[in-house]
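Undergrad: quick one: sequence plus predicted model below, questions after.
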Amino acid sequence: MLPLVRRRLCLGLCSLLLGQAEDPSQHPGVFTSGTWEEKSDEISFADFKFSVTHHYLVQETTDKEGKDEILEVIVSLRYGLREFVVIAPAAHSDAVLSESKCNLLLSSVSIALGNTGCQVPLFVQIHHKWRRMYVGECQGPGVRTDFEMVHLRKVPNQYTHLSGLLDIFKSKIGCPLTPLPPVSIAIRFTYVLQDWQQYFWPQQPPDIDALVGGEVGGLEFGKLPFGACEDPISELHLATTWPHLTEGIIVDNDVYSDLDPIQAPHWSVRVRKADNPQCLLGDFVTEFFKICRRKESTDEILGRSTFEEEGREIADITHALSKLTEPTPVPIHKLSVSNMVHTAKKKIRKHRGIEESPLNNDVLNTILLFLFPDAASEKPLDGTTSVDNSNPPSESEDYNLYNQFKSAPSDSLTYKLALCLCMINFYHGGLKGVAHLWQEFVLEMRFRWENNFLIPGLTSGPPDLRCCLLHQKLQMLNCCIERKKARDEGKNVTNTYPGNAGKAADQLGPDHRKDTDKEKGEVGKSWDSWSDSDEEFFECLSDTEELKGNGQESGKKGGPKEMANLKPEGRLHQHGKLTLLHNGEPLYIPVTQEPAPMTEDLLEEQSEVLAKLGTSAEGAHLRARMQSACLLSDMESFKAANPGCVLEDFVRWYSPRDYIEEEVIDEKGDVILKGELSARMKIPSNMWVEAWETAKPIPARRQRRLFDDTREAEKVLHYLAFQKPADLTRHLLPCVIHAAVLKVKEEETLENISSVKKIIKQIISHSSKVLHFPNPEDKKLEEIIHQITNVEAIIARARSLKAKFGTEKCEQEEEKEDLERFVSCLLEQPEVLVTGAGRGHAGRIIHKLFVNAQRAAAMAPPEEELKRVGCPEERRHNSVSDFPAPAGRELILRTTVPRPAPYSKALPQRMYSVLTKEDFRLAGAFSSDTSFF
């Protein structure tokens with residue numbers, strides 16, 4: 001039965017081994033830095049499944065973490081192989097434990113290798129997987145190599161040194177020659193340095209007492225924290241290597257050893273990084289992101305009774321609109337600005353004690369003054385400017401990063417608000433503090449709206465659709481305040497049609513300033529009659545009689561002759577040398593209304609409404625009428641400014657390309673210009689023609705408003721008031737990520753780490769793709785935050801290593817550059833060779849680090865730290881050694897001897913040994929001659 005079992009297993013192995021590629025040519029020394037690839041398959045023996053995996057080393061090198069845990073590296077280092085096949089139980093819980101099963105597998109492997117002629121080494125994993133026991137065989141022409149392994153948990157005393165291992169090696173090869181050929185020896189001792197954090201970690205933790213106590217300079221809003229709270233470098237591993245030694249020239253036994261690490265010809269260093277070190281910036285952003293998963297509203301967090309009065313005022317918009325019909329209160333120009341920022345706080349104190357507030361009053365005042373710097377002055381808020389002049393817009397790449405992240409400019413109110421909410425969440429009150437500050441902010445917005453105070457930190461003009469929605473809402477509110485303020489003060493906020501502003505400016509006559517000043521006075525006088533209702537707001541009796549007196553009510557029915565008798569109104573300035581086609585009067589550019597500013601959500605709603613109209617002729621006509629409100633307003637303004645005009649006159653100003661002029665010869669033989677409307681203007685039922693026939697000669701100041709600032713402002717305030725902290729966090733998270741990236745770039749500039757530059761570019765590219773979606777997935781946001789945290793940890797590691805190696809203390813420029821290069825390699829490579837070993841500049845620093853740690857462990861006086869510079873004998877007899885006991889001892893013994901008979905071919909023999917505190921392992925590759933034995 002046993003031969004049959006062995007044959008079936010051998011046949012399965014043969015079919016797999018015949019497909020193995022031959023060993024490719026490789027470069028030595030790339031076991032730990034090369035890229036390993038593999039191909040896997042499965043075979044079954046009865047109900048027991050085995051996985052068969054072909055491992056081979058490719059040319060490219062890469063940087064990997066934890067190579068001591070990778071199977072390829074384990075086998076390649078222990079046996080010196082670049083290609084091999086491993087047979088292992090497919091299930092993780094299965095194991096080949098009995099000796100009979102092990103022998104069965106090994107004999108099957110031997111038969112399969114012989115039948116296939118495969119020269120790739122074949123291993124079998126035996127015993128439990130955690131032991132990593134691999135034994136196997138390799139067959140070639142006239143030679144067979146057996147791979148054997150021994151694993152013990154306790155190191156026998158006689159085998160802790162070189163002499164004992166040489167005895168094992170010589171007894172194993174059993175060479176019949178006398179004397180034995182010399183044994184070549186390679187030794188590597190690894191020393192671990194751990195006790196350095198308390199002496200060399202440069203990061204200063206944040207002063208929590210100053211943050212909470214509100215001390216001067218203790219809390220600087222707008223600046224993100226940065227750095228690791230613990231040393232991100234946990235250990236330094238120094239490997240001292242003697243690559244070429246010969247038996248007999250060194251002594252290493254249980255009594256004496258010549259292996260002094262200072263005298264080792266090769267030093268190499270690697271650092272072990274702390275697992276997930278706590279980083280301030282990463283924690284800062286992560287804690288803010290966690291709010292996105294909360295479901296509570298602001299009222300539920302703070303208690304609904306706290307804001308009952310304010311909630312009713314915000315919810316009842318019709319009540320707010322009815323206030324506008326009441327007489328306008330006389331503004332108090334001597335209002336103290338510093339008192340304005342405390343308005344929201346006073347409202348809350350009526351319902352809740354100061355001690356119950358999530359935010360300390362001093363902290364709250366500091367935040368409000370940071371967000372609203374115009375409140376730091378005692379002058380009245382005239383709102384003449386809405387941009388913080390201390391941070392002028394920049395054309396730099398970092399400043400324009402908000403375009404890619406869809407966040408907000410770094411000097412804007414929205415950006416500052418995001419940082420303040422982050423800081424409040426991290427240092428003061430958590431979620432309750434965030435809700436409290438947001439409630440204060442909303443009350444501040446309503447206060448500014450009701451009192452005509454512009455919001456600082458926002459650029460003037462319509463909402464910027466490149467920014468986040470919350471920033472657009474604040475810009476919309478600022479537009480409403482500008483309109484309301486100008487209307488209340490009697491100023492003109494209208495201008496020429498935006499599409500023709502440049503053309504009109506180029507055609508201004510020399511006397512246009514006088515006309516403009518005259519029109520400003522005329523228009524400013526009439527703005528007082530505007531109403532805040534949604535209907536036509538020209539309702540005063542005297543103005544209505546004036547309208548009738550001008551005959552504007554019959555303007556629709558009257559022709560150019562009747563309209564020519566009307567009094568011109570709402571003129572801005574003359575349009576160059578153009579004249580009206582019918583009466584030859586100069587053509588004047590009218591004062592027009594600005595188009596209504598829109599945020600992206602309003603544009604989306606409008607698009608949905610227009611899309612629902614369908615593609616029918618009736619739907620298309622209705623859609624065109626809905627989109628022609630601005631056109632109709634401009635036509636009415638043009639008619640009022642140019643009595644006796646016709647549609648052709650309007651087109652010549654509004655859309656010059658639609659008025660085609662040609663040179664023709666008249667009856668007298670003179671060459672004259674004759675113009676006509678374009679083909680699209682002559683299409684039946686043309687919207688332009690219908691709008692022109694519908695338009696009345698009404699100046700802009702008497703028209704129905706295209707933009708109802710009162711309604712839009714209340715909509716914005718209502719939107720802000722009902723934002724949950726989770727919604728607010730999602731709105732502001734792009735700003736926080738934007739700020740974090742800028743902080744990382746700023747810190748990287750100080751360290752100049754090339755790998756970090758590449759990662760930052762990847763973060764920017766990834767973030768720009770993710771944040772442009774309206775509702776990005778939480779998983780993708782977590783990936784971005786994780787990337788930022790990783791970069792922060794890398795920079796912290798660089799600073800830790802630079803502090804430990806004292807790169808800033810080097811007086812010679814050449815040594816400083818060498819150290820900086822060495823530190824950079826430690827960050828980017830798994831293991832770095834120390835130039836000059838223990839005698840080089842980096843080697844002397846590493847030596848001092850170990851000496852300091854040894855002195856600290858032995859509690860030696862500090863003045864004795866570096867007084868020993870004598871010979872090795874003096875250091876050896878010192879009570880405290882410079883280095884601790886080696887954490888790992890690796891030895892490779894090699895020789896070439898004939899086996900198994902004296903007349904056999906001389907073949908290489910190799911044994912690898914690794915000794916650690918709780919592990920002893922031997923791995924031997926012993927070759928035998930199969931032709932002459």
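TA: Nice, thanks for sending it over.

Undergrad: switch to C-alpha atoms for all contacts and neighbour counts from now on
TA: Will do.

Undergrad: okay, now the residue lying closest to residue 245 once chain neighbours are set aside: neighbour count?
TA: Excluding the flanking residues, the one nearest residue 245 by C-alpha to C-alpha, 6 or more residues apart in numbering is residue 185, at 4.9 Å. The burial count assigned to residue 185 is 19, neighbours taken as other C-alpha atoms under 10 Å.

Undergrad: which residues touch residue 185?
TA: 243-247, 891-894 (C-alpha atoms under 8 Å, 6 or more residues apart in numbering).

Undergrad: what is the nearest of those residues to residue 88?
TA: residue 892 (26.5 Å; C-alpha to C-alpha).

Undergrad: wait, a strand at that closest one?
TA: Yes: using DSSP: H, G, I helix; E, B strand; the rest coil, the assignment for residue 892 is a strand.

Undergrad: pretty sure it sits against residue 913.
TA: Yes: with contacts counted by C-alpha atoms under 8 Å, residue 892 reaches residue 913, the gap being 6.4 Å.

Undergrad: which phi and psi does residue 888 have?
TA: Main-chain dihedrals, residue 888, degrees, to the nearest 10: phi -150, psi 140.

Undergrad: actually residue 187, sorry about that
TA: Backbone geometry at residue 187, expressed as degrees, to the nearest 10, gives phi -130, psi 140.

Undergrad: if I look at the closest residue to residue 252 other than its chain neighbours, how far off is residue 914?
TA: Spatial nearest neighbour of residue 252, excluding adjacent residues (C-alpha to C-alpha, 6+ apart): residue 162 at 5.5 Å. From residue 162 across to residue 914, the span is 11 Å (C-alpha to C-alpha, to the nearest Å).

Undergrad: one more: residue 792?
TA: In terms of C-alpha to C-alpha, residue 792 sits 36 Å off from residue 914.

Undergrad: who has more neighbours out of the two?
TA: In this view residue 792 and residue 914 are compared by other C-alpha under 10 Å, and residue 792 has more residues nearby, 27 against 19.

Undergrad: can you tell me the element that one falls in?
TA: With secondary structure defined by DSSP states H and E, residue 792 is part of helix 778-805.

Undergrad: for that helix, which residues meet the burial criterion?
TA: By neighbour count with 16 or more other C-alpha atoms under 10 Å, helix 778-805 contains the buried residues 781, 784-785, 787-805.

Undergrad: packing partners of the host helix or strand of residue 609?
TA: Under the criterion of DSSP H and E, residue 609 resides in helix 600-612. Contact partners of helix 600-612 among helices and strands, from 3 or more C-alpha pairs under 8 Å, 6 or more residues apart in numbering; DSSP states H and E: helix 469-489.

Undergrad: who are the packing partners of the helix it packs on?
TA: Here helix 469-489 is seen to pack against helix 430-450, helix 600-612, helix 709-721, helix 725-751 when contacts are counted using 3+ C-alpha pairs under 8 Å, 6+ apart.

Undergrad: could I get the average pLDDT for it?
TA: In this model, helix 469-489 has an average pLDDT of 89.

Undergrad: the closest residue to residue 121 other than its chain neighbours: how many residues sit nearby?
TA: Using C-alpha to C-alpha, 6+ apart and skipping residues adjacent in sequence, the residue nearest residue 121 is residue 138, 4.4 Å away. Using other C-alpha under 10 Å, residue 138 has 22 other residues around it.

Undergrad: which residues does residue 138 bridge with?
TA: Beta-bridge partners for residue 138, by DSSP bridges, are residue 145.

Undergrad: which stretches of the stretch 351-500 of the chain have low pLDDT?
TA: Where the stretch 351-500 of the chain drops to pLDDT under 70, the residues are 351-356, 377-397, 490-500.

Undergrad: apply 80 and report the result again.
TA: Within the stretch 351-500 of the chain, the set of residues satisfying pLDDT under 80 comprises 351-357, 375-399, 429, 489-500.

Undergrad: now the nearest residue to residue 851 once chain neighbours are set aside: how far from residue 263?
TA: Closest residue in space to residue 851, ignoring its immediate chain neighbours: residue 882 at 5.0 Å, by C-alpha to C-alpha, 6+ apart. Distance, residue 882 to residue 263, by C-alpha to C-alpha: 13 Å.

Undergrad: neighbour count winner among these two?
TA: Shown here are residue 882 and residue 263; by other C-alpha under 10 Å, residue 882 has more neighbours (23 against 16).

Undergrad: state the phi and psi torsions of the more buried one.
TA: phi -70, psi -30.
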